[in-house]
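In: Sharing a sequence plus its predicted fold:
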Amino acid sequence: MKAGKFVVLVAEDDPKLLASMKEFLSREQYVVKTAENGQKALDIFFASNHMIDIILLDIMLPDVDGIQILKTIREYSDVPVIMTTAKETEEDQLEGLSNGADNYITKPFRLRVLGAHMEALLKRRTGGMDRKLKSGMLEVNLEGQQVFVNGREISVTPKEFALLVYFIQNKNKVMTRETILDAVWGFDYNGDMRTVDTIVKQLRKKLGSECTYIHSVYGIGYCFKEG
């Protein structure tokens with residue numbers, strides 16, 4: 001399976017290793033986002049989590065350690081995460097895996113081996129399919145950032161697109177406005193929670209009366225479900 005335009009977030013504080021990983025992954029046709037500390041990794045995740053396909057996460061990071069980052073990510077996303085670390089004890093591996101890591105690779109590692117781990121995870125997740133999300137009459141093209149309702153393309157803003165993708169990826173879950181705001185706008189966003197209501201209103205109008213998948217949950221927030 002070719003990487004194509006899969007987006008990977010690499011969180012690594014060793015500058016030489018980070019540069020080597022970025023060069024290798026770029027050569028393998030990944031779109032690479034890098035973070036040299038934990039806080040930057042979280043900032044990047046919350047700014048573009050709907051586009052990130054896989055995360056390579058070092059446990060020993062400055063500012064915020066990898067385990068805490070993993071716990072935070074798992075509150076909002078099931079994106080594949082591979083932990084990379086020099087720690088080799090069984091307890092360390094179990095801590096990462098028990099907190100939602102999908103795989104674990106110890107340093108030093110060969111970049112080709114890392115690439116194989118990534119490819120296997122992505123293949124299981126996508127099933128070799130194109131990067132599209134489908135739900136009822138809705139189809140979303142992640143690469144082209146296009147939205148179709150019954151085959152008809154509708155025009156959406158980047159934030160509307162991000163919100164719709166988040167809804168589809170969390171179908172049938174009741175989500176608070178705060179959770180949605182943190183996941184789509186970023187946990188350090190200082191705006192009003194009514195921002196969510198505004199974008200939802202815009203999305204509903206564009207999706208039309210035949211595609212009423214975004215349901216209000218009184219006193220809580222929203223739930224995306226067909227019918």
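Out: Cool, the structure landed. From a predicted model like this one, the values you see are computed outputs, not experimental measurements. Residues are numbered from 1 along each chain as shown.

In: what's the longest helix along the chain in contact with?
Out: Assignment by DSSP state H gives helix 111-126 as the longest helix of the chain. Residues from elsewhere that reach helix 111-126 (C-beta atoms under 8 Å, 6 or more residues apart in numbering): 1, 3, 6, 8, 20-21, 24-25, 28, 53-54, 56, 80, 82, 84, 102-103, 105. Quick note: C-beta positions are derived from backbone N, CA and C, even for glycine.

In: How about stretch 136-143?
Out: 5, 51, 130-134, 146-151, 161, 164-165, 168, 207, 210-211, 213, 226-227.

In: so of these, which ones are in strands?
Out: K132, L133, K134, Q146, V147, F148, V149 (DSSP state E).

In: So the fourth one versus S135, what's the distance?
Out: Which is Q146. Look at Q146 and S135: by C-beta to C-beta, to the nearest Å, they are 15 Å apart.

In: and what of the last one?
Out: Here V149 is placed at a distance of 11 Å from S135 (C-beta to C-beta).

In: so who does the spatially most central residue of the chain touch?
Out: Nearest to the mean C-alpha position of the chain, by C-alpha atoms, centre = their mean, lies N49 at 3.6 Å. Listed by C-beta under 8 Å, 6+ apart, the contact partners of N49 are I73, Y76, S77, V79, Y166, A183, V184.

In: just these: which has the poorest pLDDT?
Out: Minimum pLDDT for the contacts of N49 is recorded at A183 (81).

In: count of residues packed around that residue?
Out: For A183, the count of nearby residues is 22 (other C-beta atoms under 10 Å).

In: For the ones in strands among the contacts of stretch 136-143, pick the one with the most neighbours.
Out: Neighbour counts for the ones in strands among the contacts of stretch 136-143 peak at V147, which has 22 neighbours (criterion: other C-beta under 10 Å).
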